[in-house]
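Undergrad: Everything below, folded, please.
(2 chains)
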Amino acid sequence: MPTVIVDDQEIEIGADERLNCIEAARRAGVEIPHYCWHPGLSVVASCRMCLIQAGTRNAETGEVSMIPKLVPGCQTPVKDGTVIVTDSEAVQESRARVEEALLIDHPIDCPICDKAGECLLQDYHFEHGQSERRADIHAFSSRRRDVGPTVTLFVDRCIMCTRCVRFTREVSGTAELMVSARGAKEEIDTFPGFPLDNKLAGNVVDLCPVGALGDKDFLYQQRVWFLKKTENVCGGCAAGCSIVTEHNQDTVYRLKPRENLHVNKWWMCDEGRYGWHHLHNETRIVEASHRDNEDPQAIEWADVLRRLPTDLTDAGRLGVAVSPMLTVEEAWMLCSVARTIDPDAYLAVGHVPSTGADESFPGGFTIRGEKAPNRIGVEMVLSMFGAVSEGGTVPAWNDLLEQVRAKTIQSAWVTAGYPTPERSWCDEATAATFEELSCLVVQDLFESPLSNRATWCLPAVGFAERSGTWVNCGHRAQTFEQAIRPPAGVWPEGRFFWNLLGREGLYDPESIRKQIAESSASFAVLSGEVPSIGLDLRLQQVAVT
Amino acid sequence: MITSDTFEPVLLEAAGIDDGHTIESYRSRGGYAPLEKLLSEKQPPEVVEMVKSSGLRGRGGAGFMTGLKWTFLPKDHPGPIYLCVNADESEPGTFNNRILMEDDPHQVLEGTIISAYATRASTAYIYLRYEYPKSWDILQKAIDEAYAAGFLGENIKGSGFSLDIYLHRGAAAYICGEETGLIESLEGKRAWPRIKPPFPAIEGVFRKPTVVNNIETMACVAQIARRGVDWFRSIGIPADPNNPRDPGSYGPKLYCLSGHVEKPGCYEAPLGITARELIDRFGGGVWKGRRAKAVIPGGISMGLMTEDELDTPLDFSGPGTVGCLGLGTAAVVVVDETVSIVDFLHNSCRFFAHESCGQCTPCREGTSWSLRMLERIRAGKGRLRDLDLLAEIGDTMGMMPGSTICGLADGAAWPIKNSIAKFRDEFEDYIKQTNPTGYMETDPVPALPIVTTH
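TA: Sure, this is the predicted structure:
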């Protein structure tokens, strides 16, 4: 195994690994500060913050010969015997000088800067900079201009790392951003008439190591040190991007992508990024209601638990639409409840919204046309319950509609939870299909023609308000925690199903997950710890069989 | 050994001849015959060997061995190899490429064809500085003549070797003269020098192996082909036998003499002539009989020599012995005793702050910081402390300390550190006189309003 020596500490790296000094040092627990380098972008080695001393140790004599000058850690690959020195006086002086240089034109307006608290310029300055400002030559200015509909640029805060420019060229492939002018007068800019307007635009804000690029959606909304971070999975499409939900006091403020090389690398799309506003939409259904031939009446959850099963049992054969927005655990509990009420219940996957074809970007990122995070997971759960038609496929929403039209079922339980308040997922004609049923249960986030016809109208929750497991289009199961509490009066589906099953205590998705894993080979791997990057169920299945 | 007394100009042999730029004139002087002979008699590796053994060092500034550079190209490369001829002559004080292109373009072309043959390049680009419209016209006419005469195009003179030469005009940026900046610019991008490795010989223009050589180097190649290796090695300063890393400085060199001299101009002399001899013999002495205060040995980025250091030989290693960066482009600029060195340095810093490409932090901020400090000094607000800061910037900015990608920052640093080191008394006097109450100040002082200087 190749050995790399980082500050006298020997670490081993994989024989086929191609690491640079920054990555190798990170393995040894040493951070080499850097601005312009990013693992997902090309190397430009221009910020010069990662300058270190490097050399080679002769394998036979053990003699170390160092390169006489400083080298950029991002551009220097490591191999067996590479020696990296990151804490020498020369390196520290160089860092201090780069920090000083970067601050010459920087307005140092941290008190009014959104980035303060998570700013690399701030952090590195505290760690590597000097307290004295020797460059007392420039009256600061502070200019701001929009570079696109969602992103704004604070011109003077920029340190010219060009991560954003490279992102638009290499990952989104749209190349809106460029560097204009030259030398210290350089600025990030767009060409007139071609604003930064693409579906991945928001990533440039995450990439910006300083406060130059601001997300207009988040600007001045919250100080970052108040934000709590919960690892989540984006529910916007079947890609299931790993994200971090940043929230405070049950309010989400922003979503950020989380590194997951198997799914979304370091990126997420704007649709997902801004796809949390529906959680705080005022038109959400926030209470359970019941209707007896007249206007719906609000009803306590305890009464729902008591009356709903008998109501459904009395209504005849039950058809259940298991929403692809539900987690695997919730879907399993719903199916269990349904089969308890009616052993012959017809189980189908709920409506799967779609906007057509997938959209791929040069940087290897794909936005899926299927706008639901867990169709595959729900299908797998349904097949556990034997809900497989003759063709070997799991019944879908349209199959359920057929059953309703054919009057082979007399009651229906439709789970939904689609994050689209502005246009309902279910049109009037489809909803009218359910008119004749003796009992209709609808569980949704927003009112729809269908919920208006419901006997039982129950609130649902959004992605950040639930916990459990989603299986994305690549059969990768990702487990996540609840980030915020739903609005008062709303029970997450998991809690409701848990209680319907008559389980004791608080809803515990992990116990359900273990139970699912025990009873199904396809989910067997979920019995153990699920890493934050998830598990590929297909690979595991192969291993099991 | 040919000395400066017995030397006859060869690169400039067409200077002063009417129609010297035409192909007829060039052929009547023996031009293109060596090319034909070489194409029929020598294989490319032999030509490389010829240039290698001549000891020719690149005339663009860095003085790298031309033949050695050619050997870095991958052997048996299946795809295209490109030759770029660097005519982006933007180092202040330098104009020898222009003289060559305007007075004897076919000499340049012959050298280019020979070099392309040696490096197996089938396409050559001449990257011409934007400010040279006349060179453009003459060179394009010469290329057309060469095509008509069968020295360019398919199957040159039945040798099976084909070559196309394209003229590319830059957009007026100093950084395009940097090898990889030139390549980026040629590809149509912003001229930000590339990180090395990979070097252009492995991955250059359009990600293909590329050789970048200077116009004067091309002319030297043509002369080596015509007059032979022995002739070339009989001129200049032989390698220092005590220094195994010194490859010597052979051949003729075009010195651009300007500034405060009686007869400024482009003069050809053997490498190793001293600055004093150049000024006295060719330049007719310092202007109006004054005394030189400082002399730039080879373009402003090489730093400064004082009057006492004028006997330094201007070969590839000479200027380095007196603290300068090197020979550079051999553009000798004389600064007489009436000039304030503060003004000189301000002008130098203004140039580099304007021309820094802005990629690497130390150069982008260092050049502009030094300019602003000099602006403040000239505005009568200077402090002695500024000199230490300037010296520190000079010492820490550039490829040599490893803080930048390309050599522009070294070029910006050398005038600063040479000026401060060699003329510190003058700076201190200037600061004390112009800022008698505040020159000892060490605390931050109120900033000056931003002055736009370019």
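
Undergrad: For the one residue in the stretch 301-450 of chain A that gets nearest to chain B, which non-adjacent residue is closest in space?
TA: Here the residue of the stretch 301-450 of chain A nearest chain B is A:Pro362; by CB to the nearest CB that distance is 17.0 Å. Quick note: C-beta positions are derived from backbone N, CA and C, even for glycine. Computed as CB to CB, 6 or more residues apart in numbering or on different chains, the closest residue to A:Pro362 that is not its neighbour in sequence is A:Gly173, at 3.8 Å.

Undergrad: quick one: contacts for the one you found?
TA: Counting by CB atoms under 8 Å, 6 or more residues apart in numbering or on different chains, A:Gly173 touches A:361-363.

Undergrad: Quick check: mean pLDDT of stretch A:185-192?
TA: Taken as a whole, stretch A:185-192 carries a mean pLDDT of 94.

Undergrad: swap that for stretch B:325-340, please
TA: According to the model, stretch B:325-340 has a mean pLDDT of 94.

Undergrad: one step back: wait, what's in contact with the residue of the stretch 301-450 of chain A closest to chain B?
TA: Counting by CB under 8 Å, 6+ apart, A:Pro362 touches A:170-173.

Undergrad: what's the span of stretch B:171-185, first residue to last?
TA: Terminal residues of stretch B:171-185 are spaced 9 Å apart (CA to CA, to the nearest Å).

Undergrad: What residues sit buried inside it?
TA: B:173-185 (16 or more other CB atoms under 10 Å in any protein chain shown).

Undergrad: Mark which of those are part of helices, please.
TA: Of the positions in these, B:179-185 sit in helices, assigned by DSSP state H.

Undergrad: For residue 103, what are phi and psi?
TA: If you meant another chain, say so; for now it's chain A. phi -90, psi -10 (degrees, to the nearest 10).

Undergrad: since we're on it, how many residues are nearby?
TA: Counted with other CB atoms under 10 Å in any protein chain shown, the neighbours of A:Leu103 add up to 18.

Undergrad: likewise the one 5 residues further on?
TA: When neighbours are defined as other CB under 10 Å, A:Ile108 has 14 of them.

Undergrad: Okay, it and A:Met160: tell me how far apart.
TA: According to CB to CB, to the nearest Å, A:Ile108 stands 17 Å off from A:Met160.

Undergrad: cool, and A:Arg145?
TA: Distance, A:Arg145 to A:Met160, by CB to CB: 16 Å.

Undergrad: Those two: which has the busier surroundings?
TA: Set A:Arg145 next to A:Met160 and count neighbours by other CB under 10 Å: A:Met160 wins out with 24 against 12.

Undergrad: ok, how many other residues are close to the nearest residue to the more buried one once chain neighbours are set aside?
TA: Among residues not flanking A:Met160 along the chain, A:Glu186 sits closest, at 5.6 Å (CB to CB, 6+ apart). Using other CB under 10 Å, A:Glu186 has 19 neighbouring residues.

Undergrad: List the contacts of A:Glu186.
TA: By CB under 8 Å, 6+ apart, A:Glu186 lies in contact with A:160, A:179-180, B:358, B:364.

Undergrad: 10 Å instead, please
TA: A:105, A:158, A:160, A:162, A:179-180, B:356-359, B:364 (CB atoms under 10 Å, 6 or more residues apart in numbering or on different chains).

Undergrad: Identify the farthest-apart pair in the buried residues of stretch B:171-185.
TA: Using CB to CB, the buried residues of stretch B:171-185 span at most 15.5 Å, a distance reached by B:Tyr174 and B:Ile183.

Undergrad: Around the closest residue to chain B within the stretch 151-300 of chain A, count how many other residues there are.
TA: Residue nearest to chain B within the stretch 151-300 of chain A: A:Ala184 (3.5 Å; CB to the nearest CB). Residues near A:Ala184, counting by other CB under 10 Å, number 23.

Undergrad: Next: B:Ser234.
TA: 15.

Undergrad: go on, A:Gly528?
TA: 10.

Undergrad: The one 4 residues further on too?
TA: Burial of A:Ser532 is recorded as 12 neighbouring residues (other CB under 10 Å).

Undergrad: partners of the residue lying closest to it once chain neighbours are set aside in the sheet?
TA: What sits nearest to A:Ser532 in space, not counting adjacent residues and going by CB to CB, 6+ apart, is A:Glu231, at 5.8 Å. A:Glu231 has these beta-bridge partners by DSSP bridges: A:Val244.

Undergrad: ok, A:Glu231 - contacts?
TA: A:242-245, A:258, A:478-481, A:483, A:532.

Undergrad: And the pLDDT at it?
TA: pLDDT at A:Glu231 comes out at 96.

Undergrad: Distance of it relative to B:Arg281?
TA: 78 Å.

Undergrad: Return the distance of the one helix or strand A:His247 maps to from the chain's centre.
TA: Element membership of A:His247 [criterion: DSSP states H and E] is strand A:242-248. Between the centre of strand A:242-248 and the centre of its host chain there is 8 Å, according to CA atoms, centre = their mean, to the nearest Å.

Undergrad: Send me it as CSV with only the CA atoms.
TA: What follows is strand A:242-248, C-alpha atoms only, in CSV (Å, rounded to 0.1, in the frame of the first residue of the first chain):
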residue,chain,number,x,y,z
SER,A,242,-28.9,13.7,-0.4
ILE,A,243,-29.6,17.0,1.2
VAL,A,244,-29.3,18.9,4.5
THR,A,245,-32.4,20.6,5.7
GLU,A,246,-31.4,23.8,7.6
HIS,A,247,-34.1,24.9,9.9
ASN,A,248,-34.9,26.8,13.1
